[in-house]
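Asker: Take this sequence and fold it.
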Amino acid sequence: MAARIEHLVTSGTFSLDGGTWDVDNNVWIVGDDTEAIVIDAAHDAEAIARAVGDRRLTAIVCTHAHNDHIDAAPELAARTGAPVLLHPDDLPLWKQTHPDRAPDAELTDGQGLSVAGIELTVLHTPGHAPGAVCLYGPALEALFSGDTLFAGGPGATGRSYSHFPTIIDSIRDRLLTLPGDTVVHTGHGDTTTIAAEAPHLQEWIDRGF
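Answerer: Numbering: from 1, shown residues only. Sure, this is the predicted structure:
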């Protein structure tokens, strides 16, 4: 069976810089009936493991290391044996949530992750966090953007480890160059497309989104 995208929403909290907020997170599962990759193991390892089922989980990919995107990753890894993958620039954030458990392997820009006969390419897109990445799957016409790009604009850059000019550079140079019909599967909220977001880049810059 061909590779497909499955979607799960989990709920919990996001904490940084002394504040805590309730959040709903998108968890994305890419695979077929045999194997899968989880993108952002947020909040509920049991629910994610149920969604994966008896498939072989080949990787738990972290788009970045804010706690709401990684809090369930170690437990999901323990349940499934899958490695946790993170860009090394986000290790300081990771250690705030999991000081005693390191990721299993590093993500690097341009790296390919194979699952169910397709390849997802890692795009390093810093700005929301130093080690933020997106995953591009041309065979699925899909981009998994984490918190780098949302329906309506860039991810937040008002807290520690974030930088607005950098996220704008990442979006302009790495994401808006993708085909317009690429569907953007975000870390929170609704999906969008590259074509829907591209015309608004200058607006975001002008208002310092």
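Asker: Which parts of this protein are helices?
Answerer: 45-52, 67-70, 73-80, 91-97, 164-170, 194-197, 201-207 (DSSP state H).
Asker: Can you say which of the ones you listed is packed in most?
Answerer: Using mean count of other C-beta atoms under 10 Å, the stretch among the helices of the chain with the greatest mean number of neighbours is helix 67-70 (a mean of 26). Glycine gets a C-beta too; all of them are placed from N, C-alpha and C.
Asker: Show me what that one is packed up against.
Answerer: Applying 3 or more C-beta pairs under 8 Å, 6 or more residues apart in numbering; DSSP states H and E, we find helix 67-70 packed against strand 4-16, strand 19-31, helix 91-97.
Asker: Now do it: everything it contacts.
Answerer: With contact meaning C-beta atoms under 8 Å, 6 or more residues apart in numbering, helix 67-70 is reached by 12-16, 23, 25, 40-43, 62-63, 84, 86, 94, 96-98, 146-147, 187.
Asker: Using CSV, write out every CA atom in that helix.
Answerer: The C-alpha coordinates for helix 67-70 follow below in CSV (Å, rounded to 0.1, in the frame of the first residue of the first chain):
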residue,chain,number,x,y,z
ASN,A,67,8.7,20.9,25.3
ASP,A,68,5.2,20.5,23.7
HIS,A,69,6.8,18.8,20.6
ILE,A,70,9.1,16.4,22.5
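Asker: ok so, going back, can I get the helices and strands packed on helix 67-70 in CSV with mean pLDDT and distance to Trp204?
Answerer: Output for these, formatted as CSV (pLDDT from 0 to 100; distance: least, C-beta to C-beta, whole Å):
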stretch, mean pLDDT, distance to Trp204
strand 4-16, 98, 22
strand 19-31, 98, 21
helix 91-97, 98, 24
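Asker: Could you list the low-confidence segments of the chain?
Answerer: Counting by pLDDT under 70, the ranges of the chain that qualify are 1, 209.
Asker: closest to Ala105 out of the helices of the chain?
Answerer: For the helices of the chain, proximity to Ala105 was assessed by C-beta to C-beta; helix 73-80 is nearest, at 11.2 Å.
Asker: which other residues reach the closest one?
Answerer: By C-beta under 8 Å, 6+ apart, the surrounding residues in contact with helix 73-80 are 38, 41, 45, 48-49, 52, 57, 60, 62, 82-84, 98, 101, 104.
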